[in-house]
Every structure is written in C-alpha cells, then in structure tokens.
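A.B. asks: no FASTA, just this:
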Ligand code: HEM
C-alpha cells in the first residue's frame with residue numbers, strides 16, 4: 001500500500017513539474033503570438049529565429065515535445081489509477097461533495113487540449129517540417145505572419161481553436177494551482193499564488209482566443 005502511495009505521489013510530482021514547464025511554454029508562446037497582432041515584422045523575425053536556431057530546433061523543441069508527451073501519458077496513468085482506487089466507480093462517488101467539477105474532469109479537458117494539439121501540429125508544425133526538411137525550400141523570413149493569419153480565415157478552425165482555449169482555461173484553472181499544492185508549497189504566499197494561477201488560467205486562454213478571432217476578422221487582402 002505504501003509503495004502504491006509513494007509511486008502515486010511520484011507520478012503526481014512528475015505531473016506537476018511537467019505541467020509547470022508547459023505553463024512556461026504557454027507564456028512564451030502567447031507573447032510571441034501577440035506580436036502577430038501588434039507587429040507583424042517582429043513576429044516574422046522572432047518566428048524565423050525560432051525556426052532556424054539550432055538550439056531551439058534540436059534541443060528546446062524535443063524537450064518541449066517530451067514534456068507534452070510525459071504530461072499526457074502520466075495523466076492517463078493517474079486517471080486509470082484513481083478509477084481503480086475508487087473501485088466502486090462513479091455510481092457511489094459523491095462527486096461535488098469531494099472535489100469541484102473542474103478538478104474531477106481534468107482528464108476530459110486534457111483530452112480536448114490534446115485533440116486541439118493534434119490539429120495544431122497539423123496546421124503549423126507538420127507544415128513547417130515539410131517546408132524545411134521535405135520540400136527543402138529556401139529560408140524566407142517574411143512568410144510567417146501571412147501563413148499564420150491565413151490559418152484563421154475559415155470560421156470553423158477559429159471556432160475549434162476558441163472552444164479548445166475555453167477547455168484549456170478550465171484545465172489550467174485547477175491544474176496550475178494544484179501543481180503548487182502537489183509540490184508542497186504552503187506558506188504565507190499560498191493565497192497570492194492561488195490568485196495568480198486563477199488569473200493566469202483566464203487571461204492566457206483569453207489572449208489566445210483574442211489572437212485567433214483578431215486574425216479571423218482581419219484577413220490578408222491580396
Ligand atoms: C491563437 C493561438 C495560437 C497560435 C496562433 C499558435 C501558433 C503557433 C505557431 C505559428 C507555431 C509554430 C510551428 C513551428 O514553426 O514549429 C506553433 C507551435 C506550437 N504550438 Fe501554438 N499557437 C496557438 C495556441 C497554442 C496553444 C493554446 C498551445 C498549447 C495548449 C499551443 C501549443 C503549441 C506547440 C506545443 C507547438 C510546437 C512548438 C514547436 O515545437 O515548434 N499553441 N503554434
């Protein structure tokens with residue numbers, strides 16, 4: 001039993017640390033994407049730098065992808081373990097008596113974000129890999145802005161992205177705060193940290209949604 005608890009705790013710590021790492025990525029990602037609204041030139045320069053810098057491409061990008069995979073694989077394992085531990089299943093489980101709706105449904109909000117990532121990788125990452133490494137096109141530091149804005153031309157893609165950002169917000173609402181709890185952070189700053197994580201969980205997905213809607217409403221006119 002104690003072995004189970006220990007390994008379950010270890011898994012939760014891995015979950016918390018990989019989640020915090022992904023939160024840092026979100027800060028970088030939303031900042032860079034906001035540049036596509038404020039300064040297309042800066043967005044092009046920064047995207048070109050990220051796309052061709054060997055440290056970013058061959059060190060940071062694989063670490064990021066590993067972080068995403070660790071987070072969702074560990075999430076599935078923890079969910080399976082929790083279901084097995086409950087034994088009786090949902091019928092006897094007094095849902096909201098023990099935990100909030102958001103915290104009980106992390107697996108579902110996580111699955112929607114994962115599905116979004118599938119579409120998102122198809123939209124941007126696979127295209128990027130094909131452009132550079134399969135078609136072996138020459139570097140063009142001016143293409144990123146137009147390519148990004150054009151992605152949001154169809155209303156269906158903009159809507160799918162916005163729905164995914166709502167679920168991302170719910171996921172962060174519980175996940176970001178609880179990662180500090182898992183790490184054992186409990187001091188006079190705890191209430192401030194909790195408030196910060198809740199504000200983050202709303203503001204960052206809102207900023208992503210704003211970017212998607214802004215580009216949909218301001219298409220490139222050829
Ligand atoms: C309007 C919102 C967003 C826009 C415009 C956007 C745009 C982009 C672009 C242009 C890339 C670059 C692909 C490349 O050149 O390699 C990218 C990559 C990526 N995005 Fe987003 N993104 C958005 C939201 C998100 C969100 C909410 C997440 C996470 C939940 C996310 C996760 C990723 C990941 C993991 C990558 C791969 C990074 C890499 O290794 O290159 N994105 N995105």
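C.D. replies: That came in fine, so what should we check first? In this text, all values refer to a predicted model and were calculated from it rather than measured experimentally.
A.B. asks: Could you measure from residue 146 over to the ligand?
C.D. replies: Note on residue 146: its distance to the ligand, by CB to the nearest ligand atom, to the nearest Å, is 12 Å. Yep, even glycine has a C-beta here, placed from its N, CA and C like the rest.
A.B. asks: That residue contacts residue 219, correct?
C.D. replies: No. At 10.4 Å, residue 146 and residue 219 do not qualify as touching, with contact defined as CB atoms under 8 Å.
A.B. asks: what helices or strands is the longest helix belonging to the chain leaning on?
C.D. replies: In the chain, ranked by residue count with DSSP state H as the criterion, the top helix is helix 2-38. For helix 2-38, the elements it packs on are helix 40-52, helix 61-86, helix 144-151, helix 155-182, helix 190-217, judged by 3 or more CB pairs under 8 Å, 6 or more residues apart in numbering; DSSP states H and E.
A.B. asks: Mean neighbour count for the ones you listed - can I get that in CSV?
C.D. replies: Output for those, formatted as CSV (neighbours: other CB atoms under 10 Å):
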stretch, mean neighbour count
helix 40-52, 16
helix 61-86, 14
helix 144-151, 17
helix 155-182, 18
helix 190-217, 16
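A.B. asks: Name the stretch from those where average model confidence is lowest.
C.D. replies: The minimum mean pLDDT among the helices and strands packed on helix 2-38 belongs to helix 61-86 (a mean of 93).
A.B. asks: Next one: it, is it in contact with the ligand?
C.D. replies: Yes. Applying CB under 6 Å from any ligand atom, one finds helix 61-86 touching the ligand at 61, 64, 68.
A.B. asks: ok, of the residues you listed, which one's closest to the ligand?
C.D. replies: For these, the minimum distance to the ligand (CB to the nearest ligand atom) is 4.0 Å, reached by residue 61.
A.B. asks: Report the separation between the closest one and residue 54.
C.D. replies: Using CB to CB, to the nearest Å, we find residue 61 at a distance of 10 Å from residue 54.
A.B. asks: Can you verify my assumption that residue 50 contacts residue 43?
C.D. replies: No. Taking contacts as CB under 8 Å, residue 50 lies outside contact range of residue 43: 10.6 Å.
A.B. asks: so what's in contact with those two at the same time?
C.D. replies: With contacts taken as CB atoms under 8 Å, 6 or more residues apart in numbering, residue 50 and residue 43 have residue 32 as neighbours in common.
A.B. asks: Next one: stretch 161-175, is it in contact with the ligand?
C.D. replies: Yes. Stretch 161-175 comes into contact with the ligand (CB under 6 Å from any ligand atom), by way of 161, 168.
A.B. asks: Relative to the whole chain's centre, how far out is that stretch?
C.D. replies: Between the centre of stretch 161-175 and the centre of its chain there are 9 Å (CA atoms, centre = their mean, to the nearest Å).
A.B. asks: With stretch 140-151 instead?
C.D. replies: Mean C-alpha position of stretch 140-151 versus that of the full chain (CA atoms, centre = their mean) differs by 22 Å.
A.B. asks: Run through who's touching that stretch.
C.D. replies: By CB under 8 Å, 6+ apart, the surrounding residues in contact with stretch 140-151 are 33, 36, 40, 43-45, 47-48, 51, 123-124, 127, 157, 215, 218-220.
A.B. asks: What residues does this structure have near the ligand?
C.D. replies: So far as CB under 6 Å from any ligand atom goes, the chain lies against the ligand at 29, 33, 51, 61, 64, 68, 113, 120, 124-125, 128, 148, 161, 168, 208, 211-212.
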